[in-house]
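just need the structure, nothing else, for what follows:
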Amino acid sequence: MAWTIDTARRSKYVDKIVVSSEDNEILEVAGKYGAIPIRRPAKLATDTASPEPLIFHTMDYLKDTEKYSPDILVYLQPTSPLRDEKDLDKALDIFLKSKATALNSVYEIEKKYLKTFMADEKGYLAGSVNDRYPFMNRQSLPPVYMPNGAIYIIHANSFKKTGMLFTNKTIPFIMDGEKNFDLDTLDDLKRLRNLLKKKHGK
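Numbers count the residues shown, from 1 in each chain. Just a heads-up that it's a prediction; the model follows:
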């Protein structure tokens, strides 16, 4: 979390940083590193809670307590600690110069997944995307991207309308290599420590 807060603090664009949690220790650390700690309601603190209701709660809190309503929302998950302020500012530069209403960070994956099939309700095979791609040469297929969860940017008005961090005018921000690291397990934490040792020479 501290890495993510520090990334936001170093950005030339971000003017307010908030952390939502129901955990006292997390809220204390958030405040220590310069973020506004917001206590998350119990109904939004389940393991299956999606980020969108949390963002709405945060927006309402800021409006009620600080009379603050953001124009652009930047959602940074702490499970992507290798994304830094250069990545964030580059993504924001691209977004602000575009006509898009949202931006999601992604990485490119094998085109072969466009050639996959699914079984329909009658048990017949159908192309996962369409019925052309499974029979096309791989070189002719369009690029395919997987979200990495590092950076989400969206106009606040668009988020209010859709209730999602994705719109029909979402552009990709392509990230490479270790920037796509996603922290989910204890093994991931060990790998992250090794990566940081190599990166910082410690």
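
which residues touch the closest residue to residue 163 other than its chain neighbours?
Nearest in space to residue 163, with sequence neighbours left out and distances taken as Cβ to Cβ, 6 or more residues apart in numbering, is residue 52 at 5.6 Å. C-beta: built from backbone N, CA, C; applies to glycine. Residues in contact with residue 52 (Cβ atoms under 8 Å, 6 or more residues apart in numbering) are 159, 163-165.

next, the buried residues of the particular helix or strand that has residue 52 in it.
Per DSSP states H and E: residue 52 is located in helix 51-66. Buried residues in helix 51-66, counting neighbours by 16 or more other Cβ atoms under 10 Å, are found at 51, 54-55, 57-59, 61-62.

next SSE after the lengthiest strand in the chain?
Counting residues, the longest strand found in the chain (DSSP state E) is strand 144-155. Elements were assigned by DSSP H and E; along the chain past strand 144-155, the next helix or strand is helix 156-162.

C-terminal to that next one, what's the next element?
strand 170-174.

what packs against that following strand?
Applying 3 or more Cβ pairs under 8 Å, 6 or more residues apart in numbering; DSSP states H and E, one finds that strand 170-174 makes contact with helix 85-97, strand 102-109, strand 144-155.

quick one: that strand to helix 85-97, angle?
Comparing the axes of strand 170-174 and helix 85-97 via axes from the mean of the first three to the mean of the last three Cα atoms, to 10 degrees yields an angle of 150 degrees.

what about this structure, any weak spots by pLDDT?
Counting by pLDDT under 70, the chain has low-confidence residues at 199-202.

tell me the SS of the spatially most distant residue from the centre of it?
Relative to the centre of the chain, the most outlying C-alpha is that of residue 122, 36.4 Å out, by Cα atoms, centre = their mean. In three-state terms, and counting by DSSP: H, G, I helix; E, B strand; the rest coil, residue 122 is coil.
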